[in-house]
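S.K.: This is the structure alone, sequence omitted:
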């Protein structure tokens, strides 16, 4: 899975405070790097953080548009890109190279059912 998607999943979980329910599944490294990424994003793109936090009603549904928005910000801001890569590495380190593909498919299904019909996956790794 590409780093932007992995990091955006972590961002969404932290920004919507979903980790209060599932925090025991995330390690300290993931939480720390994600909070750092969130703070950098808050400085560089406050509107993106507002959109992430507005997902509190459905923290397990990752909006494809927010992934693209995080990607645009990371391309424009090297500091965001660095923090995003650190978060993605922490997620990969914690969960290994295999991220449950069934859960990913379920998230994509939720995004599509939620009214978003464009899903663009440029690189898909196991």
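M.R.: Structure's in. What do you need? Just so you know, these numbers come straight off a predicted model, no measurement behind them.

S.K.: Please count neighbours and contacts with C-alpha atoms only from this point.
M.R.: Fine.

S.K.: Sketch out the low-pLDDT regions of the chain for me.
M.R.: Along the chain, segments meeting pLDDT under 70 span 1-26, 55-63, 95-126.

S.K.: again, only using 90
M.R.: Along the chain, segments meeting pLDDT under 90 span 1-35, 37-38, 41, 48-71, 74, 80, 83-126.

S.K.: Buried residues, stretch 68-80. List them.
M.R.: Buried residues in stretch 68-80, counted by 16 or more other CA atoms under 10 Å: 69, 70, 71, 73, 74, 80.

S.K.: between those, which is closest to residue 29?
M.R.: Nearest to residue 29 among the buried residues of stretch 68-80, counting by CA to CA, is residue 80 at 17.2 Å.

S.K.: secondary structure element for the closest one?
M.R.: Here residue 80, judged by DSSP states H and E, is contained in helix 78-95.

S.K.: elements contacting that helix?
M.R.: On a contact count with 3 or more CA pairs under 8 Å, 6 or more residues apart in numbering; DSSP states H and E, helix 78-95 meets helix 3-15, helix 28-44, helix 64-76.

S.K.: Can you give me every residue that contacts residue 90?
M.R.: 29, 30, 33 (CA atoms under 8 Å, 6 or more residues apart in numbering).

S.K.: cool, residue 42 as well?
M.R.: Neighbouring residues of residue 42 by CA under 8 Å, 6+ apart: 48, 49.
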